[in-house]
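Novice: Got a predicted model here, sequence first, then my questions.
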Amino acid sequence: MKRENKSVIIWLLSGCFLLFLMVVVGGITRLTNSGLSMTDWHLVTDTFPPMSEAKWNEAFEQYKKFPEYQKINIHNDFQLSDYKMIYFWEWFHRFIGRIIGLVFFIPFVYFLIKKKLDNSIIKKCIVLLAMGGFQGFLGWFMVRSGLIDNPDVSHFRLSLHLTFAFITFAYTLWVALDLIYPERNRITINVTLRNIARIALVFLLIQIIYGGFVAGLNAGLIHNHWPLMSDGEFIHDSVFIEQPTLIKNLIEGKSGVQFVHRTFAYVVVAIILFLYFKSTQFALNKTQSTGIKILVVFVFLQFILGVFTLLYHVPIALGLIHQIMAFFLLSAMTYTLHRLSK
């Protein structure tokens with residue numbers, strides 16, 4: 001790592017941490033059903049929560065006009081104190097998003113003025129800024145789907161919002177790694193291992209997408225058995241009957257989506273194990289070897305967490321830890337691929 005890049009690296013890794021924190025808070029927001037508590041979006045006026053009881057009542061009355069209250073919470077003796085709790089998590093989620101915008105933009109301008117960024121890094125940082133802006137749009141696009149008729153957000157939009165946050169994090173980490181390891185490996189890049197790692201990353205992202213589907217459909221609350229689904233079946237009959245076509249069952253049906261997610265976990269584990277055993281046939285440097293070993297440990301931890309999250313009907317704590325572990329797994333995957341590529 002070059003000394004002149006140290007401040008830029010700290011900036012990028014700080015952004016990674018904030019993105020991680022935002023996804024964690026987003027997970028809490030989803031698990032506590034808080035995501036539809038703020039029914040509008042304003043860049044400045046929503047920066048802080050209501051500051052008086054009158055403002056709280058005004059926000060609560062606005063919330064009562066929308067489907068989540070009218071179709072669900074009106075029957076649950078839902079009071080202002082309950083509303084304040086769900087409002088906090090959604091507000092905090094959006095607040096972190098604002099902080100991320102400032103943390104990325106202000107230092108970026110400073111580094112430009114100080115000429116601390118070369119042309120390659122400038123282009124990558126502009127991409128990051130664009131990704132951050134698009135992620136904000138995806139958040140509102142997701143929330144809007146739950147404010148019209150259905151008192152729940154589209155699982156497609158939720159998964160898109162979640163997956164793009166993971167991708168933004170991974171790309172930010174990749175740019176930071178480019179600066180941490182400015183020189184190429186002193187051994188020849190092993191194309192075989194690199195390509196296996198690329199395939200593993202694609203499979204992992206597909207699994208993350210389906211994790212979003214499971215969360216959006218609350219599909220973790222059914223078939224709470226392992227290794228088989230309900231009634232001791234590997235593929236339960238409900239996988240094929242919830243929706244009119246097989247494709248719709250696998251992307252919109254609760255049973256179908258859960259079946260894909262739980263089965264695809266074996267595929268992700270298998271391909272990472274294949275990467276590990278294949279890597280033993282080659283001479284690797286320390287960073288490459290360490291990355292692959294950490295990747296294997298993390299994928300097994302994530303698999304075990306997924307099983308227990310399912311068996312215990314997705315308690316908030318386990319659901320959140322499972323999502324956090326997905327972040328660690330993606331971090332290890334990004335690091336490993338970077339070390340096998342450059």
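Specialist: The structure has been received and is ready for your questions.

Novice: Please make it C-alpha for all contacts and neighbour counts, starting now.
Specialist: Fine.

Novice: With just CA atoms, put the least confident helix or strand in the chain by mean pLDDT into CSV.
Specialist: One helix or strand of the chain scores below all others by mean pLDDT, DSSP states H and E: helix 67-71, with a mean of 88. Taking only C-alpha atoms (Å, rounded to 0.1, in the frame of the first residue of the first chain), the coordinates of helix 67-71 have been written out as CSV:
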residue,chain,number,x,y,z
PRO,A,67,-52.9,0.2,3.4
GLU,A,68,-50.6,-1.2,6.1
TYR,A,69,-52.6,0.6,8.8
GLN,A,70,-56.0,0.2,7.2
LYS,A,71,-55.6,-3.5,6.4
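
Novice: and that helix, what other elements does it pack with?
Specialist: Judged by 3 or more Cα pairs under 8 Å, 6 or more residues apart in numbering; DSSP states H and E, helix 67-71 has no packing partners among the helices and strands.

Novice: buried set for it?
Specialist: When burial is assessed from 16 or more other Cα atoms under 10 Å, helix 67-71 yields the following buried residues: 67-69.

Novice: Stretch 139-153 too?
Specialist: Judged by neighbour count (16+ other Cα under 10 Å), stretch 139-153 contains these buried residues: 139, 141-147, 151-153.

Novice: how far does it stretch from start to finish?
Specialist: Taking Cα to Cα, to the nearest Å, stretch 139-153 runs 11 Å from one end to the other.

Novice: which residues sit against it?
Specialist: Around stretch 139-153, the neighbours that count as contacts under Cα atoms under 8 Å, 6 or more residues apart in numbering are 35-36, 39, 41, 66-68, 71-72, 154, 157-158, 161, 216.

Novice: that older thread, max pairwise distance over the buried residues of stretch 139-153: which two?
Specialist: The most widely separated members of the buried residues of stretch 139-153, counting by Cα to Cα, are Gly139 and Pro151 (16.1 Å).

Novice: re the thing from before, pick the one among the buried residues of helix 67-71 closest to Ala317.
Specialist: Set against Ala317, the nearest of the buried residues of helix 67-71 by Cα to Cα is Glu68 (23.7 Å).

Novice: With Tyr83 as the reference, measure out to the closest residue to the closest one other than its chain neighbours.
Specialist: Ranked by Cα to Cα, 6 or more residues apart in numbering and with sequence neighbours excluded, the top spatial neighbour of Glu68 is Pro151, at 4.4 Å. Going from Pro151 to Tyr83 by Cα to Cα gives 15 Å.

Novice: I figured His322 hits Leu305, correct?
Specialist: Yes. Assessed by Cα atoms under 8 Å, His322 is found in contact with Leu305 at 5.7 Å.

Novice: for the stretch 1-150 of the chain, what spans make up the strands?
Specialist: For the stretch 1-150 of the chain, no strands are identified by DSSP state E, counting those that start in this stretch.

Novice: Would you map the helices across it?
Specialist: 6-31, 53-63, 67-71, 80-113, 119-144 (DSSP state H, counting those that start in this stretch).

Novice: The stretch 151-300 of the chain now?
Specialist: Shown for the stretch 151-300 of the chain, the helices assigned by DSSP H, counting those that start in this stretch span residues 155-180, 191-217, 246-251, 254-279, 286-311.

Novice: could you say what helices and strands the shortest one packs with?
Specialist: Taking 3+ Cα pairs under 8 Å, 6+ apart as the contact definition, the neighbouring helices and strands of helix 246-251 are helix 254-279.

Novice: Just the buried residues of the helix it packs on, please?
Specialist: Applying a neighbour-count criterion of 16+ other Cα under 10 Å, the buried positions in helix 254-279 are 254-262, 264-265, 268-269, 271-276, 279.

Novice: just stretch 229-249 next, same as before
Specialist: Along stretch 229-249, the positions that meet the burial threshold by neighbour count (16+ other Cα under 10 Å) are 229-230, 235-236, 239-240, 242-243, 249.
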